[in-house]
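Enquirer: Please find the sequence and the predicted model below.
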Amino acid sequence: MEGPIRKPTTWLILIVLVLLGLPAFASAATITGVHARILPIPGFPGTGNILGAGAQVEIEGRLEGDELPGGLPSQTRKLVVYFPAGTKISAQGFPTCTAAKLEQFGPVGCPKQARIANGTVGVADQIGPGEPTRENATLELFVTPGNGVVAYSNAAAPISAQIVIPAKWEAAPPPYGLKLTFNIPLVETVPGALPVSGTSLHVKAGAAIRKNGKTYYYGRVPAKCPKGGLPGKGEVTLQSGETIVTTLKVPCPRR
């Protein structure tokens, strides 16, 4: 069983970076090997890459850079991700969890059906001389009361760090509809070492639940797709205070 939270980390930025395909940071960081797919939710027919349908999104990619010792990318302190107009997010029917429960008990303290995403995140830190210390941390996102989201990650060993990061849904101006904001603390591992960097991501996000004979979907694809694709935007603020903005368009579903 995972224990209480001990240290924060900064890998969560990769969720937005990979999803949006961010270009290079101001210096040498880049996103490579990016793949994103809209998938059906297992066990729920009629979901997937369909306009207006409930769906699951699979995202993977790598963050590469040499801004920090050991050839590691710089850390990030804030991220905002914008979703296209018409995106539907609803926690109706889902049980919820709280940041306090995750901090005290870890994911075992939350109802299983409150989880809406899971995957792995590569993390790295220049703890001592030689090559950076690297490992894959687990990643889980949970529904919180008030239709918020809270993320939990566990890097068990050798970095040994856990984090809980609440996120906030808000309305966004056209051509977007919603935005999700994470404020990300730095992680300190050992005295004298720089905070942890994120290096890779593989996650599946999206969920459905049957309750009292009715099916509920946490997220739905927009019912309409504008010419040229579904617009998205990401804003990433680095430890230096610099903010990087990127936009993209996701191809429209075939139906």
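Expert: Noted; the coordinates are in hand.
Enquirer: and the nearest residue in space to Gly46 that is not next to it in sequence, how many neighbours does it have?
Expert: Leaving out its chain neighbours, the residue that sits closest to Gly46 by CB to CB, 6 or more residues apart in numbering is Ala53, at 6.2 Å. All C-beta atoms are positioned from the backbone trio N, CA, C, and that covers glycine. Neighbour count of Ala53, defined by other CB atoms under 10 Å: 20.
Enquirer: Then the one 10 residues further on?
Expert: Neighbours of Leu63 under the rule other CB under 10 Å: 28.
Enquirer: My read is that it contacts Val236, right?
Expert: No. At 10.8 Å, Leu63 and Val236 do not qualify as touching, with contact defined as CB atoms under 8 Å.
Enquirer: Please name the bridge partners of the closest residue to Val149 other than its chain neighbours.
Expert: Once flanking residues are discounted, Val149 sits nearest to Ala167: 4.4 Å by CB to CB, 6+ apart. Note on Ala167: beta-bridge partners by DSSP bridges are Val149, Phe182.
Enquirer: now Leu178
Expert: Bridge pairing for Leu178 - DSSP bridges - gives Phe83, Ala171.
Enquirer: Quick one: residues contacting it.
Expert: Tyr82, Phe83, Thr87, Ile89, Trp169, Glu170, Ala171, Ala172 (CB atoms under 8 Å, 6 or more residues apart in numbering).
Enquirer: Would you check how far apart the third one and Trp169 are?
Expert: Which is Thr87. To Trp169, Thr87 is 10 Å away according to CB to CB, to the nearest Å.
Enquirer: What of the fourth one?
Expert: The span separating Ile89 from Trp169 equals 6 Å under the rule CB to CB.
Enquirer: overlap in contacts of these two?
Expert: Residues touching both Ile89 and Trp169 (CB under 8 Å, 6+ apart): Asn147, Leu178.
Enquirer: follow-up on the earlier one: show the backbone phi and psi for the residue nearest to Gly46.
Expert: Main-chain dihedrals, Ala53, degrees, to the nearest 10: phi -90, psi 160.
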